[in-house]
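Asks: Structure of the sequence below:
(one chain, ligands or ions: 1)
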Amino acid sequence: MTEQSTFPPPPSFADVLAAQKVLRGYLAPTPLHNYPVLDAATGAEVWVKHENYLPIGAFKLRGGINFMAGVPADQRKRGVVTASTGNHGQSVAYAARLFGAKAVISVPENANPVKLEAMRANGADVRLNGADFEQAKKHGERIAEEEGMQFVSSGDEPALIAGVATHTLEIVQEKPDVDAIIVPVGGGSGASGASIVAKGVNPAIRTVAVCAEASPAAYLAWRDRAWREAPNRTAAEGLATGAPYMLPQSILWENLDDFVTVSEGEMFAAVRMYLETAKTLAEPAGASPLAALLRLKDELAGKRVALILSGGNISPQQLRTVLESQA
Ligand SMILES: *Cc1c(COP(=O)(O)O)cnc(C)c1O
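Replies: Numbers count the residues shown, from 1 in each chain. Now for the predicted structure:
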C-alpha cells in the first residue's frame, strides 16, 4: 500500500444541506436521547445520537443513499463495487436495492457474519477475499476493472462524507447549544463530515475524534499531518483500518479539535455501559465515543456532549466476548 497523492475535493456545508434533502425521502431522523444515568456515570450532559436505529443498524446508510442517488442510471445498471468490513457494504447493498442498482461487495474472509447476512439479504453479490480490509479492497478494485463497474471508495468519496455528515446536522438542528460532538474514526468519513457541519454552524462546537489504540493509523496521520500506516489489530471492525484516507484526513487537519485513542477494554466497557444505562446495543466501534468521553471526563465535566452511537451490528459471539470480559 502506498500513499495516494490525488483525491477529490471535499464536500462543502452546502453539500451536506443538499444531502439532507435527498435523504428526507428515504430515512427519518434518528433519535437523540439523554439518559440521566449516563450523565451520572460520565459527569457530562450526554446526548446519544442513535445511528444504531437506522435500517442497517449503522450511520453509513446516510452516505450510501446520498451516493447512489447521484449515480447515473446506466452506471447503476452496470453496477458498483466496493470493499467493506461490514457496515459500508451493508449501506451500499441497501442503497443499491433502493435504486435498482447492481452491487458487488468484496469482504475479508473473517468478516462479521451478521453483516454478511444483511448484505446478502439486500441482494448484493458478496465475495469473500483476503485476510484483511486492504486485501479485500485490492480485490474489489480488480473486480471493478474486469467487470466495468464503478469502484466506491469507503473513505475518499465526497458524496459519502456529505451524506453521513447529516447525522451531525440533525444534532445541531435539534440541540444548537451542544458543546462537543464525539465521533468514531475508521476511514474518517463520519468525523470529517461532522467537523464540516460543526465548523459551518458554530466554530465553538468542539469535534472530537476517537479511534482504536490497536488500529491507530488515522490518529497518527492526523497528529503528524502526514501519511501513516500502522498495525491494524482492533476487534472493532468499524475502526479497523491500517492506512489513512487522505480526503477525510485533509478535512480533519483543517477542522478537528481533538483526537483520542481508546483500548479494546475501554470500548468493551462502553458497550456494557450502553446496555445498562440506555438499554441499547452498540458494536464496539459504536461505543468508542462513550469510551472517549470517559477518557476526557475531567475536560468535559458539565458540558453538553453529543455521542455518535455509530452502529449496533454486534455478532452474538462478539457480545459474549464483551460480556465475559467484564472485570
Ligand atoms: C464505519 C464505521 C465507523 C467509522 O466510520 P468512518 O466514516 O469510516 O470513519 C464507526 N462505527 C461504525 C459502526 C462503522 O460502521
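Asks: switch to C-alpha atoms for all contacts and neighbour counts from now on
Replies: Will do.
Asks: which SS class is the residue nearest the centre of the chain?
Replies: Closest residue to the average C-alpha location of the chain: Gly190 at 5.0 Å, with Cα atoms, centre = their mean. Secondary structure state of Gly190, per DSSP: H, G, I helix; E, B strand; the rest coil, is helix.
Asks: distance of it from Asn313?
Replies: Going from Gly190 to Asn313 by Cα to Cα, to the nearest Å gives 17 Å.
Asks: Residue numbers of the stretch 151-300 of the chain in contact with the ligand?
Replies: With the criterion set to Cα under 6 Å from any ligand atom, the stretch 151-300 of the chain comes near the ligand through 184-190, 238-239, 285-286.
Asks: mind listing which of the residues you listed are in strands?
Replies: Judged by DSSP state E, strands contain the following of these: Pro184.
Asks: who wins for neighbours among the residues of the stretch 151-300 of the chain next to the ligand?
Replies: Ala285 (34 neighbours; other Cα atoms under 10 Å).
Asks: contacting residues for that one?
Replies: By Cα atoms under 8 Å, 6 or more residues apart in numbering, the contact list for Ala285 reads 184, 236-239, 267, 310-311.
Asks: Where does pLDDT dip in this structure?
Replies: For the chain, applying pLDDT under 70 flags the ranges 1-5, 327.
Asks: all strands of it, in order?
Replies: Using DSSP E, strands in the chain cover 32-34, 45-50, 80-83, 103-107, 125-128, 150-152, 180-184, 206-212, 258-262, 304-309.
Asks: who touches the residue in the stretch 1-150 of the chain that the ligand sits nearest to in this structure?
Replies: Nearest residue of the stretch 1-150 of the chain to the ligand: Asn87, at 4.6 Å (Cα to the nearest ligand atom). Applying Cα under 8 Å, 6+ apart, we find Asn87 in contact with 56, 58, 60, 115, 238.
Asks: Phe7 too?
Replies: Taking Cα under 8 Å, 6+ apart, we find Phe7 in contact with 156, 246-247.
Asks: Repeat the analysis, applying 10 Å as the threshold.
Replies: 156-158, 245-248, 250 (Cα atoms under 10 Å, 6 or more residues apart in numbering).
Asks: Now that Arg304 has come up, it's in contact with Ile171, right?
Replies: No: using Cα atoms under 10 Å, Arg304 is not in contact with Ile171; the gap is 11.8 Å.
Asks: between these two, which one's more packed in?
Replies: Legend: neighbour count by other Cα under 10 Å for Arg304 and Ile171, higher for Ile171 (26 against 17).
Asks: And that one, how close does it get to Glu141?
Replies: 35 Å.
Asks: Would you convert the strands of the chain into JSON lines that also reports distance to Arg295?
Replies: As requested, those are exported to JSON lines (distance: least, Cα to Cα, whole Å):
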{"stretch": "strand 32-34", "distance to Arg295": "20"}
{"stretch": "strand 45-50", "distance to Arg295": "14"}
{"stretch": "strand 80-83", "distance to Arg295": "32"}
{"stretch": "strand 103-107", "distance to Arg295": "32"}
{"stretch": "strand 125-128", "distance to Arg295": "37"}
{"stretch": "strand 150-152", "distance to Arg295": "34"}
{"stretch": "strand 180-184", "distance to Arg295": "12"}
{"stretch": "strand 206-212", "distance to Arg295": "10"}
{"stretch": "strand 258-262", "distance to Arg295": "8"}
{"stretch": "strand 304-309", "distance to Arg295": "13"}
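Asks: how far away is Asp258 from the ligand?
Replies: Here the criterion is Cα to the nearest ligand atom, to the nearest Å. By it, Asp258 lies 15 Å from the ligand.
Asks: what's the answer for Thr280, then?
Replies: To the ligand, Thr280 is 14 Å away according to Cα to the nearest ligand atom.
Asks: repeat for Ile308
Replies: Look at Ile308 and the ligand: by Cα to the nearest ligand atom, they are 9 Å apart.
Asks: One more: Gln326?
Replies: Distance, Gln326 to the ligand, using Cα to the nearest ligand atom: 21 Å.
Asks: Quick check: closest non-adjacent residue to that residue.
Replies: What sits nearest to Gln326 in space, not counting adjacent residues and going by Cα to Cα, 6 or more residues apart in numbering, is Ala269, at 7.3 Å.
Asks: Same question for Leu281.
Replies: Gly312 (5.4 Å).
Asks: Tell me how many other residues crowd the one you found.
Replies: Gly312 has 25 neighbours, counted by other Cα under 10 Å.
Asks: re the thing from before, and the contacts of Ala285 as TSV, adding distance to Ala73?
Replies: Below are the contacts of Ala285 laid out as TSV (distance: Cα to Cα, whole Å):
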residue	distance to Ala73
Pro184	33
Ala236	35
Glu237	32
Gly238	30
Leu239	32
Met267	41
Ser310	30
Gly311	30
